[in-house]
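Q: Sequence and predicted structure, then a few things I'm wondering about:
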Amino acid sequence: MSTTSATLTNILYQLAWASLYSLLIFFITLAISIPLGLLVYSGRASKFLPIAWITQFYISVMRGTPLMLQLMMVYFGPYYIFGMQISQEYQFYAVIIAFGINYAAYFAEIYRGGFQSIPQGQREAAFVLGYSKRRTFYTIELPQMFRRVLPSITNEVITLVKDTSLAFVLGYTEMFTVAKQLAASQASMIPYACAAAFYYVFNLIVTVIMGIVEKRLSLYSI
């Protein structure tokens, strides 16, 4: 095996292992932010104005400031605000917290658009049939909302794949961090190109899977 081939193999091997950490951020963020976004939407749509205002402010801050800055605030905030010592293990938790609350805000706004697109007549028909508000929400509104906003959710999921690279600002070892280290040690752009290929392939897989889900759900559209 030539030196170039051995180097490329080593790069791909290290990036493949590092990609597992990127995937961990990706899946945990989705598991947290998708249901949390629904809770945030509930606060946003609340008729109790203080809750609605607080939720709107939260969404405004999350959407109006860079995710990179939010990561640093979550990580360094406990030290500068409360004087708490920051451990090495906290890096991962800070990444998950920052990603989770950031994407929950975006999902909440996506959900809001989906709920508002449902004709009011369907809610009125459910009321005539004797459905309670809770039953109307879970059996009529919620399924329709997810079908309507799935393309927007797909866009956010694809963005999340790329945003996992921002974890490098906290020194968390994920794929982009490893690519930077390899590029610096070898004075080469090859690690960056390989990392780009990893991100592209994963996004391609996500796009295909979400496309299949959209087609399946479209069979049951109302």
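A: Right, received. Where do you want to start? Numbers count the residues shown, from 1 in each chain.
Q: what bits of this protein have low per-residue confidence?
A: Low-confidence segments of the chain, defined by pLDDT under 70, span residues 1-6, 218-222.
Q: Let me see the ranges of the helices in it.
A: 3-44, 49-64, 67-82, 90-116, 120-128, 133-136, 142-163, 175-186, 190-218 (DSSP state H).
Q: And the longest one, what does it pack against?
A: Contact analysis of helix 3-44 by 3 or more CB pairs under 8 Å, 6 or more residues apart in numbering; DSSP states H and E lists helix 49-64, helix 90-116, helix 142-163, helix 175-186, helix 190-218 as its packing neighbours. In this view, the C-beta of every residue, glycine as well, is placed from N, C-alpha and C.
Q: just to revisit the earlier point, nearest to Val169 among the helices of the chain would be which one?
A: Smallest distance to Val169 across these (CB to CB): 5.4 Å, for helix 67-82.
Q: Tell me which residues of that closest one come out buried.
A: Leu67, Gln70, Leu71, Val74, Tyr75 (16 or more other CB atoms under 10 Å).
Q: Now render those as CSV, adding distance to Ala18.
A: CSV is the format used below for the buried residues of helix 67-82 (distance: CB to CB, whole Å):
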residue, distance to Ala18
Leu67, 20
Gln70, 23
Leu71, 18
Val74, 22
Tyr75, 20
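Q: Closest one of the residues you listed to Leu24?
A: Nearest to Leu24, judged by CB to CB, of the buried residues of helix 67-82 is Leu71 at 15.8 Å.
Q: so of the helices of the chain, which one's packed in deepest?
A: The highest mean neighbour count among the helices of the chain, using mean count of other CB atoms under 10 Å, belongs to helix 90-116: a mean of 20.
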